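just coords:
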């Protein structure tokens, strides 16, 4: 048995060579899986799995989406738009919101509110706390490196605390279970073997291409970028007013969000493509550890939903062996 398993795993690179790169997201009582220009959405509704296949909304020409360090922010905005629409659709199917698609100014407003909330929580609050450390004489001025190190420390603390806190909410705990089901199903698909609940259940619930890892990369990169460029900016020009100095620094940090996110996007893609080894393990380890907070072990029913989402994302003529239970197409 052991020799047969070793033989199978030796063949995995050949078995998975032609497989598409599938991504996904947990939604309310379900999973969304993306495969190129299409995505499958599957949710459990009154005990029945309901699923549909939709086109991936994209506003990017291929000339941009294929260019490293340029595609990062636009691709992330595109992913956020589709993620919000999928989440809203799952809420509709659960009867949590009106049966109206989230489009137009409603979607734009949702994106703006989400962006403003993220800036307040992960940029303004850490900056204010770092200023507090300066007042306590435990850190230097905003123009110094120690201020930016405190800023990065508080960002990390807020991220971990926020994830831990929302994970205590029962509905979010369920979403984290579906997040684990999404990862396990993708890992099962990447083995190159026929996908079913049993194979998915044997996989680990962390995945190197997870959005949680992206957030961690953003914070780590921002610490380095702020430690170098904020002191450099204030060396070139420092307003006389302390208030203006902080406002200028905050505005500069907002501008740095875009190159920071682009670098993080390329880094997570690089980490996901790396062959297994000590360096790949080292690079992936912090993000995989953080996923212990953003994923929970799913049950077999949740895995069944994720597998249906995968099947719909791949399409009826994909040729891949995906075993699902009964489900209803919407």
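Alright, I've got the coordinates. Small disclaimer: the values here were computed from a predicted structure and weren't measured.

got phi/psi on the residue of the chain most remote from its centre?
Distance from the C-alpha centroid of the chain peaks at residue 240, with 40.7 Å (Cα atoms, centre = their mean). Main-chain dihedrals, residue 240, degrees, to the nearest 10: phi -70, psi -40.

do you know how far it is from residue 248?
Distance, residue 240 to residue 248, by Cβ to Cβ, to the nearest Å: 12 Å. Every residue, glycine included, has its C-beta placed from N, CA and C.

before we move on, what about residue 88?
Distance from residue 88 to residue 248, counting by Cβ to Cβ: 37 Å.

of the two, who's got more company?
Just comparing residue 88 and residue 248: by other Cβ atoms under 10 Å the higher neighbour count belongs to residue 88, 21 against 18.

tally of neighbours for residue 312?
By other Cβ under 10 Å, 25 other residues sit near residue 312.

does it lie in a helix or a strand, and which?
helix 300-314 (DSSP states H and E).

can you give me the buried ones in that helix?
302-314 (16 or more other Cβ atoms under 10 Å).

so where is the stretch 51-200 of the chain shaky, pLDDT-wise?
Applying pLDDT under 70 to the stretch 51-200 of the chain flags the ranges 96-104.

switch the cut-off to 80
In the predicted model, the stretch 51-200 of the chain carries pLDDT under 80 at residues 60-66, 69, 95-107.

need the strands for it, in chain order.
With strands called from DSSP state E, counting those that start in this stretch, the stretch 51-200 of the chain shows none.

residue 41 looks like it's in a helix, true?
No - Residue 41 is assigned strand when assessed by DSSP: H, G, I helix; E, B strand; the rest coil, not a helix.

so in terms of bridging, what pairs with it?
Assessed by DSSP bridges, residue 41 has beta-bridge partners residue 32, residue 52.

what's near enough to touch it?
Applying Cβ atoms under 8 Å, 6 or more residues apart in numbering, one finds that residue 41 lies in contact with 27, 30-32, 51-54, 86, 89-90, 309, 312.

could you export the residues you listed as CSV, including distance to residue 151?
Listed next are the contacts of residue 41 as CSV, based on distance: Cβ to Cβ, whole Å:
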residue, distance to residue 151
27, 33
30, 37
31, 35
32, 34
51, 44
52, 43
53, 44
54, 40
86, 33
89, 37
90, 36
309, 38
312, 43
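
list only buried entries from these.
Buried members of the contacts of residue 41, counted by 16+ other Cβ under 10 Å: 27, 30-32, 51-54, 86, 89-90, 309, 312.

which of those lies closest to residue 40?
Distance to residue 40, by Cβ to Cβ, is smallest for residue 312 among the buried ones among the contacts of residue 41, at 2.8 Å.

and that closest one, how far is that from residue 112?
For residue 312 relative to residue 112 (Cβ to Cβ), the value is 31 Å.

do residue 247 as well
Taken as Cβ to Cβ, the span from residue 247 to residue 112 is 21 Å.

and for the residue nearest the centre of the chain, nearest residue in space, chain neighbours not counted?
In the chain, the C-alpha nearest the mean C-alpha coordinate belongs to residue 211, at 1.6 Å (Cα atoms, centre = their mean). Closest residue to residue 211 apart from its sequence neighbours, by Cβ to Cβ, 6 or more residues apart in numbering: residue 25 at 7.7 Å.

partner residues bridging that neighbour?
Taking DSSP bridges as the rule, residue 25 bridges to residue 32.

hang on, it packs against residue 183?
No - using Cβ atoms under 8 Å, residue 25 is not in contact with residue 183, being 10.8 Å away.

which of these two has more neighbours?
Neighbour tally, residue 25 and residue 183, criterion other Cβ under 10 Å: the higher count belongs to residue 183, 27 against 24.

got the confidence number for the closest residue to the more buried one other than its chain neighbours?
Once flanking residues are discounted, residue 183 sits nearest to residue 207: 4.2 Å by Cβ to Cβ, 6+ apart. The model reports residue 207 with a pLDDT of 92.

what helix or strand does residue 207 sit in?
Here residue 207, judged by DSSP H and E, is contained in no helix and no strand.

list the contacts of it.
By Cβ under 8 Å, 6+ apart, the contact set of residue 207 is 183, 186-187, 291.

likewise residue 231?
Contacts of residue 231 (Cβ under 8 Å, 6+ apart): 143-145, 148.

could you check how far the nearest residue to residue 182 once chain neighbours are set aside is from residue 318?
In space, and not counting its chain neighbours, residue 182 is closest to residue 24: 4.2 Å by Cβ to Cβ, 6+ apart. Between residue 24 and residue 318 the computed distance is 16 Å (Cβ to Cβ).

so what's residue 240 up against?
Counted by Cβ under 8 Å, 6+ apart, residue 240 has zero contacts.

quick one, grab the pLDDT at it.
88.

what's the helix holding residue 312 packed up against?
The contact analysis (3 or more Cβ pairs under 8 Å, 6 or more residues apart in numbering; DSSP states H and E) places helix 300-314 against strand 23-27, strand 30-35, strand 38-45, strand 48-55, helix 170-190, helix 197-201.

kind regards, and thank you for your time.
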